[in-house]
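Novice: Curious how this folds, go ahead:
(chains A, B and C)
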Amino acid sequence: MIEHLIPILAGTFGAAVPLIFAGLGELVTERTGVINLGVEGMMLIGAIAGFAAAAETGSGAAVGIPAGALAGAGIALVFGFFALSLAANQAACGLALTIFGIGLSAFIGQHYISYSLPGLKPIIIPLLSDIPVLGPIVFKQDAVVYLSLLAFAAIAWTLAKTRLGLLLKAIGESPEAAHAIGYPVISIRFGAVAFGGAMAGIAGAYLSTVYTPLWVQNMSAGRGWIAVALVVFASWKPARLMLGAYLFGAVTILQFHAQGLGIIVPVQFLASLPYVATIIVLVIISRDRRVLQNNLPASLGKPFLP
Amino acid sequence: MHLLEPRPYPSRVMRWTAPLIAVAATLIVGSMLFLALGKDPLESFHVFFVQPLESSYGWSELLIKACPLILIAQGLALGFKARIYNIGAEGQLIVGALAGGGVAIAMEGSDASWIVPAMVVAGAIGGALWGAIPALLKTRFNAEETLTTLMLSYVANHLLSYMVNGPWRDPEGMNFPQSIMFSDSALFRILLEGSRVNTSVFITLFAIVAFWIFNARSFLHFQIEVGGHAPAASLYAGFSSKRAVWLTLVLSGMTAGIAGVGEIAGPVGQLNLNISPGYGFAAIIVAYLGRLHALGIVLAGFLMALIYLGGEAAQVALQLPAAITGIFQGMLLFFLLGSDVFIDNRLRRRLA
Amino acid sequence: MSTSVPRLELLNITKRYPTIVANADVSLSVMPGEIHAILGENGAGKSTLMKIIYGAVKADAGTIRMNGEDIAITNPAQARRLGIGMVFQHFSLFETLTVAENIALVLDEPFDLAALSQRVKQISERYGLPLDPDRRVHSLSVGERQRVEIVRCLLQNPTLLILDEPTSVLTPQAVEKLFDTLRQLAAEGVSILYISHKLHEIQALCDRATILRNGRVTGTANPREESPASLARMMIGRELPVCEAPPYLGERRPMLTVQHLNLTSAGPFGTSLHEVSLTVHSGEILGIAGISGNGQSELMAALSGEHPVHKDAVRLDSKPIGHLNAGTRRAKGLVYVPEERLGRGTVPPLSLSRNALLTAHRHGMKHWGLVRYGKARDYAEECVARFDVRGGGAGTNARALSGGNLQKFIVGREIMLKPKVMIVAQPTWGVDVGAAAVLRQALLDLSRTGVAILVVSEELEELFEICDSIAVLAQGRLSPAQPKTSLNAESVGLQMAGLFPKTPLTVHAEFDHASA
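Specialist: Here you go, the predicted structure:
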């Protein structure tokens, strides 16, 4: 049994990386009261930008992932122009971003369909990786996995302990009050939206340059939407988001190991699991409205014009 | 200082010119895109928007694509008025198609005249059921319908994939993921010889009239509208918000499900993985572009159908990927949302 | 300190908005240590003027001088650096943050919450404004929130402090305490701009007053040398209107009875109701005094049916209705005029016809599930004519009407339903004096036809003007109703702070400390 579990648990880390980056980015965006439903689109843009940069330069993920971040942030600014500068309906703008991102990435991706990339070799941490069971699970991962833990720590600390974190939360609760005491609400929200875009871009670029590493049309396969759901599940708390991401990482990885575990179920049912799990998780977390409202940024999704 | 200031009164003119501005902006940015790709914009536009309409066959194809978009958008628009965002019509379409297709497969070999009507009913029920799940989850557990409807459309996709790879796979289909081709008794009758236009257009026509009357005159629609504009006023008046959730999600699921049957018993003629080129998502744009109005949606549906046809034509004539359709759809929605802001706002006269 | 140079001078300030001119050619000056009142009705342009001084709004024309120098204030942070502090009418606090965190967000200094908490304690002790820096704002009373705003200003050592309608949320006793603090600050040399429409407060506190009407200065006066009538004339341009309350001579029986009503608040920061009981008789107006946030919105939700409760907790004409929703209760004769006129009482983007349909649809406006829009229009037009709704007809959108006219429409619409009981929340909040008098008279007239009326209001004067008896809602508990003649502002004020008399009729007997 254990010989089956080790690859599943080790694989969970990689499978969780896109959800962690996209989820943490969306979490920061939503903390300021902006809901960007375009995560799926930003991920795909990041995926194709990262893949193209990696393929054209021949440098692989080292160039691909920063390129993905840049592209994600760039396309997020388009969302920001409509949803923040013009204060258009945020949910609908996010949807437009997703439709646009699916189209644009498929359009550009046409040229890269037959390429493949080398991927990233795992970094084997000396000594620690020799620990039985735990070693191969935790300490033989690629650099981006370690980076995702670093990102979590940095974001959790910033949100909880710094003035910036306080300010983001304050703007999410009442942009009117923040404006009244003199903060440039729109600019700060732009920053948060761009950050969310960069993080989603990294998530997408990880998929295309490290995880797969191929370009496949629509390759994010709903992970962007699951990341949005994870933020709700996490009640806007970074630690709970990590928990959710690993949970979903495990569910995703399960389908590749089901046969080894002796589970005989049609592959489509296993592939549906993450989506069904998302619904179940949403139901559980939303059931008690008060629990959700306790942490919900009060201005989430509401347009604000100073 | 900010770009915008509120208008003293919302502009009626902007309400109906916003879609035109959005289309114009899409064309302008689109031509820049063509330029960047090294194509002559004028020629590209000719291929994209004129060429498809130069033959009567082109017009018939336009009608075939517009019908499902209009039908689905009518249902979605009702929900959007109530601020219930069903973005999973694609999944409801698929489940409707599966239900209708099940009838066709079960009745294979029969030439009974009730098969097509039975498929429509089954499709309506299938779509309605797929819409009822998020309704239940929202009214009972308070779960956001945006995410649940969308997740369910991924599930529907996998369900379709399972059915056409497994139980319903055509045994003589060379292992392709598809069902048998339906017999004539399970297909809508062709209306115009030499085209694919069939009797399912009457369903869409009926839906347009029914939704038009319902929207203009019914008290139920008034209640839905109040719930969307001001939920507190709805509570104050004593209107049931749960009823609005159920009604809009089930009804929009139903229209999507019927549209699914229209595809499999029409142009597609079987169950396979390509029964919808994203009609469920495009219909969202159609609903907004048509101002959530029953007749506006008709115009918007034809425009969206043209974008689909143009995308196909561009693939052939300009060697551009069909994904360009998605780019145009996304831009159109962005520009529409952007122009809509100017219904209630205007540019600041004096910039500080 | 030089006494000849004004701390603040405004010269010919003008600010236009798309539909109105908020300030036209406004000039005034404030000396160091002076408490200067800005007096005016709702909509006279007071708040806009203050926002201009605080840099939140930019004037179209005019000059601002501080200590004799021309300055341009472009944003609130700059205003704070210049020594201007502002206490907002609708507080600019963040409910989910603590007191110290709220204060830290406005200070231009390194982020150190522990050190800041110490300074908050010092300042709050020095000025008699007790505060716990670690409490979250949502758990504070409205009065405590105001203290946070004031302490936040004081930590920046202001030389000019602006207070925008600071007493609308305070009990009479708390107003006295606030005035003590302000006098202490003025004695230390701080100039204070005090914005209000309450004449007696300005007479009690201020050295000078600038009176605004329709955005223009209509006079400058020493309020202590004026009479309320002369100030009112400058403020509204005519005598204060008075309501007539003839005695009710009809049958008197309980129409609305509430017994042992308990309700847990639905919102995360709401107040729950405990054992609320009351009775309103036909022909009677019962007033419920108290500061918003003490369970008012929960009580309104339970009485109107927006939040159904236990069947027997609410009775209409002795029949149980607690379990019914708002629509069904309205059909049985209980109508409601909510505090929130746009978005609850009316649907802002819909016409008055359709807003008539909202609650009057049972009056022959439906046929086989279809709407008879002609009937709805007739109803709206009759309402507009009967209740003198100005600024539009049946086709006008609700959001296009002024606050007073919209309130006349809502009150009229509900009166035309021929109710047995009417519940009204904040009937004249934000309404100009003329419309307020019309509305109060309409309620008095309605009650004299035998309708039972329950009025919830923060304005004590209003309750004393129109009610027959008054009860007080504090911290989710309701005091027993007492005839207005046995009460005065001071005794009601003590109850607003949560101190209820044990026996209903003796005002100055012992006080029972209701749980805090």
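
Novice: in the chain, what spans have low per-residue confidence?
Specialist: Let's take chain A. Residue ranges of chain A with pLDDT under 70: A:1-2.

Novice: meant chain B actually
Specialist: Ranges of chain B meeting pLDDT under 70: B:1-2, B:349-352.

Novice: That one: strands as residue ranges?
Specialist: B:4-6, B:345-347 (DSSP state E).

Novice: so what's residue 234 up against?
Specialist: Because you didn't say which chain, this covers chain A. By Cβ atoms under 8 Å, 6 or more residues apart in numbering or on different chains, A:Ala234 lies in contact with A:Gly23, A:Leu27, A:Arg240, A:Leu241, A:Leu243, A:Gly244. (Glycine included, C-beta is placed from N, CA and C.)

Novice: try chain C instead
Specialist: The contact partners of C:Met234, by Cβ under 8 Å, 6+ apart, come to C:Leu39, C:Ile211, C:Arg213, C:Thr218, C:Gly219, C:Ala221.

Novice: If you count neighbours, what's buried in the one helix or strand it maps to?
Specialist: Assignment of secondary structure by DSSP states H and E places C:Met234 within helix C:228-236. Judged by neighbour count using 16 or more other Cβ atoms under 10 Å in any protein chain shown, the buried positions of helix C:228-236 are C:Leu231, C:Ala232, C:Arg233, C:Met234, C:Met235, C:Ile236.

Novice: ok, the fifth one touching C:Asn214?
Specialist: Read that as C:Met235. No. Counting by Cβ atoms under 8 Å, C:Met235 does not reach C:Asn214; the two are 10.8 Å apart.

Novice: tell me the secondary structure for the residue in the stretch 1-150 of chain C that chain B sits nearest to?
Specialist: Residue nearest to chain B within the stretch 1-150 of chain C: C:Thr19 (4.4 Å; Cβ to the nearest Cβ). For C:Thr19, the reduced secondary structure class is coil; criterion used: DSSP: H, G, I helix; E, B strand; the rest coil.

Novice: wait, which of the buried residues of helix C:228-236 is closest to chain A?
Specialist: Distances from chain A to the buried residues of helix C:228-236, taken by Cβ to the nearest Cβ, are shortest for C:Met235, at 26.5 Å.

Novice: picking up where we left off before, now the buried residues of helix C:228-236 as JSON lines including pLDDT?
Specialist: Listed next are the buried residues of helix C:228-236 as JSON lines, based on pLDDT from 0 to 100:
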{"residue": "C:Leu231", "pLDDT": "87"}
{"residue": "C:Ala232", "pLDDT": "85"}
{"residue": "C:Arg233", "pLDDT": "87"}
{"residue": "C:Met234", "pLDDT": "88"}
{"residue": "C:Met235", "pLDDT": "87"}
{"residue": "C:Ile236", "pLDDT": "85"}
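
Novice: Reformat these as CSV; add distance to C:His361.
Specialist: Formatted as CSV, these follow (distance: Cβ to Cβ, whole Å):
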residue, distance to C:His361
C:Leu231, 46
C:Ala232, 42
C:Arg233, 45
C:Met234, 46
C:Met235, 41
C:Ile236, 38
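
Novice: which residues touch the residue sitting nearest the centre point of chain B?
Specialist: Nearest residue to the geometric centre of chain B (Cα atoms, centre = their mean): B:Ala283, 2.4 Å. By Cβ under 8 Å, 6+ apart, the contact list for B:Ala283 reads B:Pro68, B:Leu69, B:Ile72, B:Ala73, B:Leu76, B:Ala89, B:Ala256.

Novice: Now with 10 Å, please.
Specialist: B:68-77, B:86-87, B:89-90, B:93, B:252, B:255-256, B:259, B:297, B:300-301, B:304 (Cβ atoms under 10 Å, 6 or more residues apart in numbering or on different chains).

Novice: how about the host helix or strand of A:Ala91 against chain B, any contact?
Specialist: Per DSSP H and E, A:Ala91 falls inside helix A:90-109. Yes. Interface with chain B: helix A:90-109 contributes A:90-109 (Cβ under 10 Å from any Cβ of the partner chain).

Novice: right, and the helix or strand after that helix?
Specialist: Using DSSP H and E, the next helix or strand after helix A:90-109 towards the C-terminus is strand A:123-124.

Novice: need the residues of the stretch 1-150 of chain C near chain A, please.
Specialist: Checking the stretch 1-150 of chain C against chain A by Cβ under 10 Å from any Cβ, the hits are C:51, C:54-56, C:74-80, C:86, C:88, C:90-98, C:101-102, C:104-107, C:110-113, C:137-138.

Novice: Quick check: phi and psi on the residue of the stretch 1-150 of chain C found nearest chain A?
Specialist: Proximity to chain A, evaluated over the stretch 1-150 of chain C using Cβ to the nearest Cβ, is greatest for C:Pro76 at 3.3 Å. Main-chain dihedrals, C:Pro76, degrees, to the nearest 10: phi -60, psi -30.

Novice: Give me the neighbour count for the nearest residue to it once chain neighbours are set aside.
Specialist: Counting by Cβ to Cβ, 6 or more residues apart in numbering or on different chains, the nearest residue to C:Pro76 once its immediate chain neighbours are dropped is A:Gly182, at 3.3 Å. A:Gly182: 20 surrounding residues under other Cβ atoms under 10 Å in any protein chain shown.

Novice: do the one 3 residues further on as well
Specialist: Residue neighbour count, defined by other Cβ under 10 Å, stands at 25 for A:Val185.

Novice: neighbours around the spatially closest residue to it that is not a sequence neighbour, how many?
Specialist: Using Cβ to Cβ, 6+ apart and skipping the chain neighbours, the partner closest in space to A:Val185 is A:Pro175 (4.6 Å). The local packing of A:Pro175 (other Cβ under 10 Å) involves 26 other residues.

Novice: Which residues are in contact with A:Pro175?
Specialist: A:Pro175 neighbours (Cβ under 10 Å, 6+ apart): A:32-34, A:183, A:185-186, A:188-189, A:297-299, A:302-306.
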